[in-house]
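A.B. asks: show me how the following folds:
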Amino acid sequence: MKRILAIVSAVLITVSSTLAVAQPGRPAPPPPLRFERVPPPPGARYVWVPGHWRWDGRGYRWVGGRYQIRQAGWGRWVPGHWAWRPRMGRWVWVPAHWTR
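C.D. replies: Residues are numbered from 1 along each chain as shown. Next up, the predicted model:
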């Protein structure tokens, strides 16, 4: 069961890391990030995932940070972030993902 969960997690992480979600109709960049007080981790295997702005179709909404368990074999957590894509002429959301 553990092996299946690890394989499914790796596939989902790989797929999500290759996607960028376009947000049409919004020429404005997202607001500046909010300050978040980071609480102590619940355990040694946890990594802090910072909060971010999410587009809900009408405006940006803040999604607060949280702790996530570090995946075995993965080295670093890359937080999701907004990136300007000049060729598309819009901002896109690049999902958070693990790197090796």
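
A.B. asks: now residue 62: phi and psi?
C.D. replies: Per-residue torsions, residue 62: phi -80, psi 130 (degrees, to the nearest 10).

A.B. asks: I'd guessed it sits against residue 56; true?
C.D. replies: No. Taking CB atoms under 8 Å as the definition, residue 62 is not a contact partner of residue 56, at 10.8 Å. The way it works is simple: take the backbone N, C-alpha and C, and place the C-beta from them, glycine included.

A.B. asks: those two - which one has more neighbours?
C.D. replies: Applying other CB atoms under 10 Å to residue 62 and residue 56 shows that residue 62 carries more neighbours, namely 14 against 8.

A.B. asks: give me every residue that touches that one.
C.D. replies: Taking CB atoms under 8 Å, 6 or more residues apart in numbering, we find residue 62 in contact with 34, 51, 52, 53, 54.

A.B. asks: hey, what's it bridged with?
C.D. replies: On the basis of DSSP bridges, residue 62 is bridged to residue 53.

A.B. asks: and which of the contacts of residue 62 is nearest residue 80?
C.D. replies: residue 52 (5.4 Å; CB to CB).

A.B. asks: ok, that closest one - how many residues close by?
C.D. replies: Neighbours around residue 52, by other CB under 10 Å: 19.

A.B. asks: check contacts around it.
C.D. replies: With CB under 8 Å, 6+ apart, residue 52 has these contacts: 33, 62, 63, 79, 80, 81, 82.
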